[in-house]
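[1] Provided below for reference: sequence and predicted model.
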Amino acid sequence: MVEINLNRRQFLKLSGATAATLAIVELGFNEKEVHAKTKEFKIAKATVTPTICPYCAVGCGILVHTKNNDVVYTEGDPDHPINEGSLCSKGTTIRQLFTSEKRVLKPRYRAPGSDKWEEKDWGWMLDTIAKRVKETRDKTFVEKTNGIFVNKTEAIASLGGAALDNEETYLLAKMMRGLGVTYLEHQARI
């Protein structure tokens, strides 16, 4: 008896090839018809970009298929060492992050006391955030406590999430420590 070791992907390829061969033998093969049908494939001639799922801290690999600046299909990356092509229910629906009509494309701002959100440009939004962080830090910064240098502010907090990779988390922590932030956490499962 000969033992054959196949992984799931190899088995599916072999099964598909066998089924395709049987279909060709039984039904006949019309090359022009098959070529015409391949033009209908959703991912034909799409650009494939590997990425990481942003939902949790596992870091599953995803292949994103794009055509004309539009995400047409996503799938688990079979060559990724973590998920080997499989995805959870969240990762499977990742395409909806890009294609949803409800996706917010521009920064929104709600003034204090207002009940309406208004669209702002990125320049205004980043300047406003920087200005408020500086004002808050300047108002609440404590240089010494009981004669000991502490150089801190307890009025600003930072919480990292699963979509941040190690390098981004490192830079965020360095920036927050530079500001004197003491409430600094990274909770990848939120």
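    Received it, and whenever you're ready, just let me know what you need.
[2] mind checking pLDDT for Lys37?
    Lys37 carries a pLDDT score of 62 in this model.
[3] in the chain, which spans are helices?
    In the chain, the helices defined using DSSP state H lie at 8-27, 31-38, 89-92, 95-99, 122-140, 166-179.
[4] of all those, which has the lowest average per-residue confidence?
    Confidence, taken as mean pLDDT, is least for helix 8-27 of the helices of the chain (a mean of 60).
[5] pLDDT score assigned to the spatially closest residue to Trp122 that is not a sequence neighbour?
    On the basis of C-beta to C-beta, 6 or more residues apart in numbering, the spatially nearest residue to Trp122 that is not a chain neighbour turns out to be Pro107, at 6.0 Å. Heads up, the C-betas are built off the backbone N, CA and C, glycines and all. According to the predicted model, the pLDDT of Pro107 comes to 94.
[6] cool, and the one 5 residues further on?
    Note on Pro112: pLDDT of 92.
[7] Give me the most central residue, the protein.
    In the chain, the C-alpha closest to the average C-alpha coordinate belongs to Pro54, at a distance of 3.4 Å (C-alpha atoms, centre = their mean).
[8] What's the local residue count around the nearest residue to it once chain neighbours are set aside?
    Once its chain neighbours are removed from consideration, Pro54 has its nearest residue in Ala163; the separation is 3.9 Å (C-beta to C-beta, 6+ apart). By the criterion of other C-beta atoms under 10 Å, Ala163 has 13 neighbours.
[9] how near is Ala163 to Val150?
    Taken as C-beta to C-beta, to the nearest Å, the spacing of Ala163 relative to Val150 amounts to 32 Å.
[10] the longest strand in the chain is where?
    If you go by DSSP state E, the chain has its longest strand at strand 148-160.
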